[in-house]
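Participant: One predicted model, sequence on top.
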Amino acid sequence: MALKTVLEAVRDGLFEEMRRDESVFVLGEDVGQRGGVFRVTEGLQKEFGEDRVIDTPLAEGMIAGVAIGAAMNGMRPVAEFQFADFIHPAMEQIIDEAARVRYRSANGFSCPVVFRAPYGGGVQGGLYHSQSVEAFFSHVPGLKVIAPSFPYDYKGLIKAAIRDNDPVLFFEHKKTYTLPSIKQEIPDTEFIVPIGKAKVVRQGTTLSVFAYGMMLHQSLEAAKTLEQEGFNIEVVDLRTLRPLDRETVINSVKKTGRALVVHEDNMFGGFGAEIAAILADEAFEYLDAPIKRLAGPEIPAMPFAEPMEHFFMPNPQKIAEAMRKLAQY
Amino acid sequence: MALKTVLEAVRDGLFEEMRRDESVFVLGEDVGQRGGVFRVTEGLQKEFGEDRVIDTPLAEGMIAGVAIGAAMNGMRPVAEFQFADFIHPAMEQIIDEAARVRYRSANGFSCPVVFRAPYGGGVQGGLYHSQSVEAFFSHVPGLKVIAPSFPYDYKGLIKAAIRDNDPVLFFEHKKTYTLPSIKQEIPDTEFIVPIGKAKVVRQGTTLSVFAYGMMLHQSLEAAKTLEQEGFNIEVVDLRTLRPLDRETVINSVKKTGRALVVHEDNMFGGFGAEIAAILADEAFEYLDAPIKRLAGPEIPAMPFAEPMEHFFMPNPQKIAEAMRKLAQY
Amino acid sequence: MRTTDKVALNGAGEAKSPQVQSVDQPTTSGARHEVLGLKRETLQQIHYQLLLARFFDERIWMLNRQGKTAFVISSAGQEGTQIGIAHALQPGHDIVFPYYRNLALVLALGATPREIMLGQLSKAEDPSGQGRQMPSHFGLPRLNIMTVSSPVATQLTQAAGAALASKIKKDDKVTAVFVGDGGTSKGDFHEALNFASVHCLPVIFVVENNGYAISVPLSKQMHIQNISDRAAGYGMPGVTVDGNDVLEVYRVAKEAVERARSGGGPTLIEAKTYRYRPHSSSDDDRFYRSREEVEEWKHKDPVERFERYLEEQSLLDNATKQKVRKDVKRAVDEAQDYAEKAPYAAPEMALRYVYDEEVR
Amino acid sequence: MRTTDKVALNGAGEAKSPQVQSVDQPTTSGARHEVLGLKRETLQQIHYQLLLARFFDERIWMLNRQGKTAFVISSAGQEGTQIGIAHALQPGHDIVFPYYRNLALVLALGATPREIMLGQLSKAEDPSGQGRQMPSHFGLPRLNIMTVSSPVATQLTQAAGAALASKIKKDDKVTAVFVGDGGTSKGDFHEALNFASVHCLPVIFVVENNGYAISVPLSKQMHIQNISDRAAGYGMPGVTVDGNDVLEVYRVAKEAVERARSGGGPTLIEAKTYRYRPHSSSDDDRFYRSREEVEEWKHKDPVERFERYLEEQSLLDNATKQKVRKDVKRAVDEAQDYAEKAPYAAPEMALRYVYDEEVR
Ligand SMILES: Cc1ncc(C[n+]2csc(CCOP(=O)(O)OP(=O)(O)O)c2C)c(N)n1
Ligand SMILES: Cc1ncc(C[n+]2csc(CCOP(=O)(O)OP(=O)(O)O)c2C)c(N)n1
Ligand SMILES: [Mg+2]
Ligand SMILES: [Mg+2]
């Protein structure tokens, strides 16, 4: 066992998989000599060489296309987008190509590639270094989308993603990378966390909160506050956004009768909408209150100036307030 | 008054706006000499010349970027993507640039551009000529997203889109382009249809159906079937997906207590999720049944072979069946 | 990469197009084909493949008019380029990323008329995807013919990626990728050639310059005479070749493939050619080009030119000409006959293969 | 395009950087600046702007260390390129698409130190966007300095679009767009230059080649010596210039701007230069480049070189050198003083300007 940050957990997972499987290689901007702008890939090039840890030119569409082509030729590429904000040039390759290689060829070809990207705000990254983009990709059949919250899951899920035979988007919340408060003891023995399983990280009866990444941690904090007020909040860590663990989500609301979804991304058409829609259909008879969503405001992206950025971000206070209202409905 | 198809309605709108305003120009692949692969822009180059009707090289990112730059320099470009399927290379320009020009400059600059794209299936277009992409864009603050159903609205809304001072995505369902059954008498006198207003195209009490494009027409057909079975279906033509006319949507369900959303795009994270989520929150007390969605299956895109394509597409029978189930809940 | 032998047909009783042999050894002097080291059998293969592709093409347009297939996209006029390149490759070993225009290419690489016709008629046995994709969206795992999609130019960076994998694995494979003149305007072209050159990858980029992107002529696509001039901007060799001269195409392709295989890096090949048909069965080319222009190009027909060459070399007599025509007709008849009788995939099959079905 | 004069400060009591005059008339012989037709006042402006940019740059790094600004990205080392280009343009008339590295450029175009410092400290009066964007994401409607975003290279096709609008409107404007060496690897570069060339647009593409895309050296970005070699692939003139020689940069830029304005179409200018600082305040360049390399480049410093030139031409004495340094310090002190006192935008302001607020 060793105490690890999110960042170390991802890095450890990469090291282990690259040692285990020669076909795994890493490519992206500044991932080699620089070890990544967040240093997630630090040390990889030294151990595995320039052939397996590639500093690419600045072109996200190319990074995705090269990864896809290499995957079709027997490799297991792990492509890094320096920020999730800059994944848009690769959307054609990810949505039209990676997600459809197996389908369009009726299983003739496959595309086992992992696309890593740091996402999320509250780090004074401004409009273009704070985005959440999970809503775009979790809508797309053929893709798998992962957004863990705890170091243990980050490691177990990056390893599962690399071994998966289909394209996986792996989103890492940059504000949690080195957050001391969420460090975890991680076993030194090998383990995998299965894709497609959510986790009830806090049992409760008053209402169910669904979240991932930074918002999951803030929801847990808010849940503590409400405990002192006599409310008993259940918190579900979604971990995988596609394929979603519908059973865990629905069962939680069948128990509590109340649902709150929390994410940073703006609300309209955001990931929370799907959770709400599923519950409004499949848990309808169990609902005791409207399904609530707490999300970023309907503005194009997160402003840089601190007062405005703070205004944008959900936080434990806002979440606690939303819990209170819903609990008292 | 003259009887017009959807295609003619869009074309008439383009002619009128280009005559009215010199700053309006059209660019895209094959839009000039060829008059577009669907012939929507037929005749424009003859009347307005090669400067205002531009056949571009094959590069959607460039088409969007050029349109945005021209808009920032005082023009009102109407950019055509030959198929909505091929809009993905332009997502960085549309999402990161067009949608944020006004916001990031705090009103210092603006970006009045219209992005037109034919979407939708059932035309044997296969995986890459049948897609619906409205879910991606209706999620993005700073953009407006329009998806009309009737010729009158196509004309009134394309004109409104061109006059709008912000970026607008204008989606045209290709299967409805020349559909004789939906031709409409359109006044020769000038008119505009406001962006952001839905329309109850069929009054009913049993349940509310929300749709747009081809699915709106199939829902009306299904509603007729159910009428003979004694059910009284309300059908709402959303027309604008962002900004959504929440009031009309919510009021309809407050009246009927039942909601069904229909679209071709796959269900998970599709546009219907947002409608369901809004209703599950703001119309909760009025709901007499689970909120239902009828949508394309969770597969990457529409297969070409007719039996599989037919299997994919919603149709009046499937919609009628969904209505029946919901009505009898 | 996994194979679909279950659907890849190699059954008996089927007229196969001859397989391409690995490249013969060149001699230094004599007739063009001798200088190129092309044996008589190879010339006969090329001849057969040229006629097969042309005849197959005519047949599917007929099927389209008869309402038996909803979509046709044609290689007619461009067979010289595609078959010339095919013979410089090692089919089944090398990796090929075609595009929708490459009927002649995939036949020359060894796809059978039956396999292609099953795709054209969108039947369950279609080895490219059980009829999921539009016709001519090729894909044949047993020959490393990578699955084709519709979005133009996306295959270019993928080909660079496949070649990168070959470099890492040292598998001695060369990757060949095909794109039209229109596709070179898309950023993918720039990004792919740049990456391939930086990493000195074993890949050849083949541009089939037929003068149009649907209706858009070269003059509205680019401000240069030769697309191969762009190679210099990536520090790689670039060559423009008469795409209707199959032997000349073979010559430049062989050189490029050998360079790639021996670690010399990528090459850009521009083949100037012409498509005889409208862009596809959904197009009407009278909107944007004159009949005279089309006729003019037909005088440079790659099939006729190659037959003339064989005749000049007295390697082809009338009897053989007639026999080959009979052979290709039989091959196509058989393929059509089989494919027409073959069943469609069941509707629910549309739900299969979204993800790997062998795990969980 | 709409202006934000309400926030664009031209208030009194403020030390303004001298405005750039429209280009003076050239003579044929004599000293370099005479041949270029640069008047003494223009040389003094350039001198002032070089020192202002350099000093402003040092100041904001200090503010960053003091925790007064969360992000700094620097033009130090690249002032020669940026100021040389600025003087070939007509500020306020011509259109400029900068990128985040262009502090020296926007100051030379006439942005005031106060305007820039308000952006650096993210205050409500920041004319580029009321503090919404990261510092150095410039934008100044009154000078046609178009709003900068973070995604690399997106400005290139937009600049082509702005130039297309000028061509349609015949407004006699030239558009200048700036990008780094790294940005040239992105498809946008290819698509923008191609479109601009096809339509013979009045635009100049300026590549500031400082040898790195963050940590990625040129050798891993491209397989060519000069980025300007890519111009030939678009049929446009391309030139490589010593980016640390402000007069030489001015010369090639003036030629390109005149060609563009007179209908001669676009030009690609590659300025070879170097950044002294890490990529930004979030970077540590010791991971990827040696101190020796940085030191070597400092011997080619554009500011020193220009001062040496002025001295050789006896256009600069020590007294003036000291005075200018005092002036720029005062200008920056004043700007900082004002900006530090200025308020932030109210938090709820984050909700404004998503759409046009003047209609409905
Ligand atoms: C990204 C993208 N944009 C647009 C299209 C529509 N389209 C299909 S083929 C084509 C023209 C391609 O021309 P070219 O590359 O020269 O190939 P050719 O058909 O002439 O062989 C276009 C515009 C597409 N398939 N993909
Ligand atoms: C599309 C995109 N990808 C990645 C980034 C992250 N990033 C910011 S600057 C930069 C390097 C740019 O280098 P260059 O173009 O040479 O400009 P320089 O900073 O050297 O002046 C990168 C990778 C980005 N901002 N946008
Ligand atoms: Mg072509
Ligand atoms: Mg650089």
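Facilitator: On my side now, so go ahead. The structure presented is a predicted model; accordingly, all values stated were derived computationally and were not measured. Ligands and ions are numbered 1, 2, ... in the order given.
Participant: Can you give me the pLDDT of residue C:24?
Facilitator: We have a pLDDT of 46 for residue C:24.
Participant: Can you name the residue of the stretch 1-150 of chain C nearest to ligand 4?
Facilitator: residue C:97 (31.6 Å; CB to the ion). All C-beta atoms are positioned from the backbone trio N, CA, C, and that covers glycine.
Participant: Is that residue bridged to anything, and to what?
Facilitator: Beta-bridge partners recorded for residue C:97 (DSSP bridges): residue C:177.
Participant: how near is residue C:200 to ligand 2?
Facilitator: 22 Å (CB to the nearest ligand atom, to the nearest Å).
Participant: burial of that residue, as a residue count?
Facilitator: Neighbours of residue C:200 under the rule other CB atoms under 10 Å in any protein chain shown: 17.
Participant: Can you give me every residue that contacts the residue of the stretch 1-150 of chain C closest to ligand 4?
Facilitator: For residue C:97, the contact set (CB atoms under 8 Å, 6 or more residues apart in numbering or on different chains) comprises A:69, C:146, C:148, C:155, C:156, C:158, C:159, C:162, C:175, C:176, C:177, C:178.
Participant: Tell me, how many residues neighbour the second one?
Facilitator: Under the neighbour criterion other CB under 10 Å, residue C:146 is assigned a count of 28.
Participant: How about the fourth one?
Facilitator: The local packing of residue C:155 (other CB under 10 Å) involves 28 other residues.
Participant: excluding its backbone neighbours, what's nearest it?
Facilitator: residue C:97 (4.2 Å; CB to CB, 6 or more residues apart in numbering or on different chains).
Participant: and if you look at the fifth one?
Facilitator: Counting by CB to CB, 6+ apart, residue C:156 lies nearest to residue C:192, which is 3.6 Å off, once chain neighbours are set aside.
Participant: Quick one: classify the one you found as helix, strand or coil.
Facilitator: Following DSSP: H, G, I helix; E, B strand; the rest coil, residue C:192 is assigned to helix.
Participant: ditto for residue A:241
Facilitator: Under three-state DSSP, residue A:241 falls in the strand class.
Participant: Residue 327: neighbour count?
Facilitator: Defaulting to chain A. Around residue A:327 there are 19 residues (other CB under 10 Å).
Participant: that answer is for a different chain, and I need it for chain C
Facilitator: Number of residues near residue C:327 (other CB under 10 Å) recorded here: 16.
Participant: is it true that it touches residue C:45?
Facilitator: No: contact criterion CB atoms under 8 Å: residue C:327 and residue C:45 do not qualify, at 12.0 Å.
Participant: quick one: the helix of greatest length in chain C near chain B?
Facilitator: Taking DSSP state H as the criterion, chain C has its longest helix at helix C:40-65. No: judged by CB under 8 Å from any CB of the partner chain, helix C:40-65 stays clear of chain B, getting no closer than 12.0 Å.
Participant: So which elements touch that helix?
Facilitator: Contacts defined by 3 or more CB pairs under 8 Å, 6 or more residues apart in numbering or on different chains; DSSP states H and E place helix C:40-65 against helix C:79-86, helix C:103-109, helix C:113-120, helix C:302-312, helix C:318-341.
Participant: ok so, going back, mind putting the contacts of residue C:97 into a markdown table with distance to residue B:212 and secondary structure?
Facilitator: Shown next, in a markdown table, are those (distance: CB to CB, whole Å; DSSP: H, G, I helix; E, B strand; the rest coil):
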| residue | distance to residue B:212 | secondary structure |
| --- | --- | --- |
| A:69 | 37 | helix |
| C:146 | 37 | coil |
| C:148 | 32 | coil |
| C:155 | 34 | helix |
| C:156 | 36 | helix |
| C:158 | 35 | helix |
| C:159 | 39 | helix |
| C:162 | 41 | helix |
| C:175 | 43 | strand |
| C:176 | 44 | strand |
| C:177 | 39 | strand |
| C:178 | 39 | strand |
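Participant: between the residues you listed, which is closest to ligand 4?
Facilitator: Of those, the one sitting nearest to ligand 4 (CB to the ion) turns out to be residue C:156, at 24.7 Å.
Participant: tally of neighbours for the closest one?
Facilitator: Neighbour count of residue C:156, defined by other CB under 10 Å: 31.
Participant: Distance of it relative to ligand 1?
Facilitator: Remark: distance between residue C:156 and ligand 1 (CB to the nearest ligand atom) = 11 Å.
Participant: residues touching that residue, list them.
Facilitator: A:65, C:97, C:177, C:179, C:183, C:188, C:189, C:191, C:192, C:193, C:205.
Participant: Most neighbours among those, which one is it?
Facilitator: In the contacts of residue C:156, the most neighbours by other CB under 10 Å go to residue C:192, 35 neighbours.
Participant: Which stretches in the stretch 201-350 of chain C count as helices?
Facilitator: For the stretch 201-350 of chain C, helices defined by DSSP state H, counting those that start in this stretch occupy the ranges C:218-221, C:246-261, C:291-298, C:302-312, C:318-341.
Participant: Give me the distance from the third one to the chain's centre.
Facilitator: In terms of CA atoms, centre = their mean, to the nearest Å, the gap separating the centre of helix C:291-298 from the centre of its chain is 23 Å.
Participant: Which part of chain A gets nearest to ligand 2, residue-wise?
Facilitator: Minimum separation of chain A from ligand 2 (CB to the nearest ligand atom) falls at residue A:86, amounting to 3.8 Å.
Participant: And the residue nearest to that residue when sequence neighbours are not counted, how close does it get to residue D:260?
Facilitator: Nearest residue to residue A:86, sequence neighbours excluded (CB to CB, 6+ apart): residue A:60, at 5.6 Å. From residue A:60 across to residue D:260, the span is 30 Å (CB to CB, to the nearest Å).
Participant: ok, now residue A:72?
Facilitator: Using CB to CB, residue A:72 is found at 44 Å from residue D:260.
Participant: Which one of those two is surrounded by more residues?
Facilitator: More crowded of residue A:72 and residue D:260, by other CB under 10 Å: residue A:72, with 28 against 25.
Participant: what's near enough to touch the more buried one?
Facilitator: So residue A:72 contacts A:101, A:109, A:110, A:111, C:1, C:146, C:158, C:161, C:162 (CB under 8 Å, 6+ apart).
Participant: Kindly report the same for residue C:214.
Facilitator: Residue C:214 makes contacts with B:29, B:30, B:34, B:37, C:182, C:279, C:283, C:288, as judged by CB under 8 Å, 6+ apart.
Participant: how close does the fifth one sit to residue C:215?
Facilitator: The one in question is residue C:182. Residue C:182 sits at a distance of 10 Å from residue C:215 (criterion: CB to CB).
Participant: What of the first one?
Facilitator: Counting by CB to CB, the separation of residue B:29 from residue C:215 is 9 Å.
Participant: Confirm for me that residue C:200 is in contact with residue C:265.
Facilitator: Yes: Residue C:200 is in contact with residue C:265 according to CB under 8 Å; the separation is 4.0 Å.
Participant: Please enumerate the shared neighbours of those two.
Facilitator: Residues touching both residue C:200 and residue C:265 (CB under 8 Å, 6+ apart): none.
Participant: Please, where are all the strands along the stretch 51-200 of chain A?
Facilitator: Under the criterion DSSP state E, counting those that start in this stretch, the stretch 51-200 of chain A carries strands at the ranges A:53-55, A:76-80, A:114-119, A:144-146, A:168-173, A:184-186, A:199-202.
Participant: got the end-to-end distance for stretch A:160-171?
Facilitator: Terminal residues of stretch A:160-171 lie 14 Å apart, using CA to CA, to the nearest Å.
Participant: same question for it, mean pLDDT?
Facilitator: 98.
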